[in-house]
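[1] Predicted model follows, preceded by the sequence.
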There are 2 protein chains.
Amino acid sequence: MPSDRTRASILDAAERLYADRGFADVTLRDIVAAADVNLAAVNYHFGSKDELIAELFVSRSLATNRERLNELKAAEAAGGGRAGIDAILRALVGPTLRGCLGPDNERSTAARFMIRASIESVPPIRRIKNREIDHLRKFAAAMRRSLPNCRDADLYWGLHFALAMAHQTIRDNERLTKLSEGICDLNDVAGVIERIVAVSVMALTGRAVGSGKSETVAVRTQYR
Amino acid sequence: MPSDRTRASILDAAERLYADRGFADVTLRDIVAAADVNLAAVNYHFGSKDELIAELFVSRSLATNRERLNELKAAEAAGGGRAGIDAILRALVGPTLRGCLGPDNERSTAARFMIRASIESVPPIRRIKNREIDHLRKFAAAMRRSLPNCRDADLYWGLHFALAMAHQTIRDNERLTKLSEGICDLNDVAGVIERIVAVSVMALTGRAVGSGKSETVAVRTQYR
DNA sequence: CATAGTTTCATACAAATGTTTGAATTGCAA
DNA sequence: TTGCAATTCAAACATTTGTATGAAACTATG
């Protein structure tokens, strides 16, 4: 057996267990039992428990970031180098939301793991998240190009609010479902994305999406 | 010495240590050392570590909830039973933000504790937060009275977004500061509150605050 | 003062956890 | 096959953790 089989089993089992039961009460012994490998294998292949968690989180969030940047580039290409603010925000929040929301039964292990990572906040993941800022700067720059007259502070606040709504929706989706008694449909991922984008655009521009010409089309559709 | 002195020292020390270093790496032994009491005192006075944490969190959040409801009542009284949507949202997010934001040097221990509680997510606190929904229903009801034509789903989404922006601003204030290189002033608590209220009102009504008569006064002031 | 109830204390307990070790096994190349 | 490196394994380690115990000290009441 090549060395990769053990490694992969551990990653698999760890992601699944963390997704199901959270970081707090999953031990290395749980993981190696599920992966059917020896206890020492984790330290042999990853160095430590924290490095295992970090590797899981890094690979997943690199994927998300790649997706985000792809959508951003596509939007900018489509707009001849300057993307609409709504497209930029969609590229920012879309991949994360599509990854983490949707019907729970068909929610992937990876998605459930990332939700956990966003709810519980364990040290190795916190350390990685701090490096996310460079990635966000690219979106800030795109927004700046798209809204040349927007004040700096407003621009950052808009970016911050967009991420806030997206993350809190992922993190607290159960509360919203309970509070609204099911009226808010979190399985309609596209709808949720458009809602967040619409509100963010309003926050940034002070007016509804598309209000330049046809007066608040998108928002009216979404919010009335 | 009456029995309360030990109890109070423990609560004090625990809140301070948790605030400073987080729940993860503060042990009972750290707490009793800081409080200068015996190790067994915690179990004697609180039953268990989790109950100690719960008591800390409950008393702080009851205070916040009381403040929220007071502001809500005041706003409704001022409006003759029906408060403006902006006043309702201010009552919802104001107390929390005023409690947790502001210059860090003069940030109270209680504030720093509540920030921790919102960042890290330990089981005893999670359990309590789940009961918060009843409290939020009162705000949903007030919003319904204030916006009788608003769709149910939009109303809940608006409430959710308001809380999302507030919580994420508290939880991630460092990231926003770094990202904006200090341009976003998180010490201007009143300004932050107005920003969040303004965006939430737009999310709920599809238009800027006060746009009924004098066209986007509040928002223009805040965002231009 | 005496006694009953409360609180404090030193200490022990029991269990769990991540990590290390050194020997055994395996895979592969010479 | 032989030898060498990579991998696996069982077992032990070394801490750390919250909690329990039973005796001692204290407090207040009669």
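    Structure's in. What do you need?

[2] From here on, just use CA atoms for contacts and neighbour counts.
    Will do.

[3] where's the closest residue to A:E76 other than its chain neighbours relative to A:A77, distance?
    With sequence-adjacent residues excluded and distances taken as CA to CA, 6 or more residues apart in numbering or on different chains, A:E76 is closest to A:A83, at 4.3 Å. To A:A77, A:A83 is 8 Å away according to CA to CA, to the nearest Å.

[4] How many neighbouring residues does A:S180 have?
    A:S180 sits with 20 neighbouring residues when counted by other CA atoms under 10 Å in any protein chain shown.

[5] Is it correct that A:R175 is in contact with B:R131?
    No. With contact defined as CA atoms under 8 Å, A:R175 does not count as touching B:R131 (10.0 Å).

[6] Of the two, give the one with the bigger neighbour count.
    Each of A:R175 and B:R131 has its neighbours counted (other CA under 10 Å); A:R175 has more, 17 against 11.

[7] Specify the local secondary structure of A:A83.
    Taken by DSSP: H, G, I helix; E, B strand; the rest coil, the conformation at A:A83 corresponds to coil.

[8] Tell me which residues touch A:T6, please.
    A:T6 sits next to A:35, A:37, A:41 when contact means CA atoms under 8 Å, 6 or more residues apart in numbering or on different chains.

[9] Looking at it now. What's its pLDDT?
    According to the prediction, A:T6 has pLDDT 93.

[10] Could you do A:S121 as well?
    82.

[11] Around the nearest residue to it once chain neighbours are set aside, how many other residues sit close by?
    Sequence neighbours aside, B:E120 is the residue nearest to A:S121 in space, at 5.5 Å (criterion: CA to CA, 6+ apart). Look at B:E120: counted by other CA under 10 Å, it has 20 neighbours.

[12] pretty sure B:E120 contacts A:P123?
    No. Using CA under 8 Å, B:E120 is not in contact with A:P123; the gap is 10.0 Å.

[13] so does stretch A:50-60 get close to DNA strand C?
    Yes. With CA under 7 Å from any atom of the strand as the criterion, DNA strand C is reached by stretch A:50-60 at A:D50.

[14] With only the CA atoms kept, save that stretch in PDB.
    The C-alpha atoms that make up stretch A:50-60 are tabulated as PDB, following Å, rounded to 0.1, in the frame of the first residue of the first chain:
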ATOM      1  CA  ASP A  50      -3.700  21.000  14.800                       C
ATOM      2  CA  GLU A  51      -1.800  20.600  11.500                       C
ATOM      3  CA  LEU A  52      -4.300  18.000  10.400                       C
ATOM      4  CA  ILE A  53      -7.100  20.500  11.100                       C
ATOM      5  CA  ALA A  54      -5.200  23.200   9.300                       C
ATOM      6  CA  GLU A  55      -4.600  21.100   6.300                       C
ATOM      7  CA  LEU A  56      -8.300  20.200   6.100                       C
ATOM      8  CA  PHE A  57      -9.300  23.900   6.300                       C
ATOM      9  CA  VAL A  58      -6.700  25.200   4.000                       C
ATOM     10  CA  SER A  59      -7.500  22.900   1.200                       C
ATOM     11  CA  ARG A  60     -11.200  23.700   1.400                       C
END
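
[15] Residues touching that stretch, excluding its own?
    Outside stretch A:50-60, the residues that touch it by CA under 8 Å, 6+ apart are A:11, A:15, A:42, A:46, A:110, A:114, A:117, A:124-125, A:128.

[16] Stretch A:82-89 now?
    Counting by CA under 8 Å, 6+ apart, A:72, A:75-77, A:139, A:142-143, A:145-147, A:159, A:162, A:197-198, A:200-201, A:209 sit against stretch A:82-89.

[17] Next, find the distance separating A:A141 from A:D134.
    Taking CA to CA as the measure, A:A141 falls 11 Å from A:D134.

[18] do A:E67 as well
    A:E67 sits at a distance of 16 Å from A:D134 (criterion: CA to CA).

[19] who has more neighbours, those two?
    Neighbour count, other CA under 10 Å: between A:E67 and A:D134, A:E67 has more, with 17 against 11.

[20] host element of the residue nearest to the more buried one when sequence neighbours are not counted?
    Nearest residue to A:E67, sequence neighbours excluded (CA to CA, 6+ apart): A:P95, at 6.4 Å. Assigned by DSSP states H and E, A:P95 falls within helix A:85-100.
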